[in-house]
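A.B. asks: pasting the sequence and the predicted coordinates here, then a few questions.
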Amino acid sequence: MLSSHVRIAVSLVYIISSSIAVIFVPAILAQSAGQATVIVKVTGLRSEKGQVRIAVFNSSEKWLGEQGLTSVKYTIDNNEWMYSYAYDMARNDNDINTMKEIQSAFVGYMGKMLDHYEAYSQEMFNRQVAETMVLTPSRLVADSADELFGMMAKRGYKFVSMDDAMSDDVFKTPETYSGDKGISWFDRWTLTAGKRLKDEPDVDDFVQKIWEKRKPS
């Protein structure tokens, strides 16, 4: 658990497509001089030296800038979406007990994800860097906001603007990741350094089973 305050910017996101996902952050959460903030994931593009991925990413960056938008490097990735899907299924079934169980498991899981990425931060930079966390705008996140953000506050996090978080020099660290997955910048920096990724905390078994049983075909 962190003993001092760590800056974090939280982004509620919408995934627009599976190949190049432009994830829009509501203006109420993060703005800079009236400009909206977005996160760009470039996936499914491979080449021997990453030229295709870099060319597409740079083109996207240029286009976003021309639209008054800013891309964001996110550090805390997670599978919150799976908990949110399971929560919606339980809500559709009017299964209050399972909804409460999912809420409790979700907050516990997010605590483990914070442990995971805080360890990366300390190991790679010998400090706790400013963090950006991705969440979907779901009923689960809304219904669990007090518990989730309360847990984070107890760990020493304070909430800041996206501009503040992105001002951390850590985000100038080079990365050359080229792959078919949208991953945390900690993962990108690790792979760029030629190191093995840490194992992520698992999604709770019962949540995983709900997803496998009821996921869209």
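C.D. replies: Thanks, I have the structure now. Numbers count the residues shown, from 1 in each chain.
A.B. asks: and for this protein, the residue most distant from the center?
C.D. replies: Taking CA atoms, centre = their mean, the residue of the chain most remote from its mean C-alpha position is residue 94, at 29.0 Å.
A.B. asks: for the protein, what spans make up the helices?
C.D. replies: 51-66, 80-92, 96-125, 139-143, 145-154, 162-166, 185-192, 205-214 (DSSP state H).
A.B. asks: got the angle for the fifth one vs helix 96-125?
C.D. replies: Counting by axes from the mean of the first three to the mean of the last three CA atoms, to 10 degrees, helix 145-154 points 30 degrees away from the direction of helix 96-125.
A.B. asks: pull out the buried positions in stretch 191-205.
C.D. replies: 191, 201, 203, 204 (16 or more other CB atoms under 10 Å). (C-beta placed from N, C-alpha, C; glycine too.)
A.B. asks: brain fart, stretch 149-168
C.D. replies: Neighbour counts over stretch 149-168 (16+ other CB under 10 Å) mark 149, 151, 152, 155, 157, 160, 162, 163, 165, 166, 168 as buried.
A.B. asks: what's the answer for stretch 204-214, then?
C.D. replies: 204, 207, 210, 211.
A.B. asks: farthest pair in those residues?
C.D. replies: Largest separation among the buried residues of stretch 204-214 by CB to CB: 204 and 211, giving 10.6 Å.
A.B. asks: contacting residues around residue 144?
C.D. replies: For residue 144, the contact set (CB atoms under 8 Å, 6 or more residues apart in numbering) comprises 103, 106, 107.
A.B. asks: redo those residues as JSON lines? Include distance to residue 139, pLDDT and neighbour count.
C.D. replies: Formatted as JSON lines, these follow (distance: CB to CB, whole Å; pLDDT from 0 to 100; neighbours: other CB atoms under 10 Å):
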{"residue": "103", "distance to residue 139": "10", "pLDDT": "98", "neighbour count": "18"}
{"residue": "106", "distance to residue 139": "11", "pLDDT": "98", "neighbour count": "27"}
{"residue": "107", "distance to residue 139": "15", "pLDDT": "98", "neighbour count": "18"}
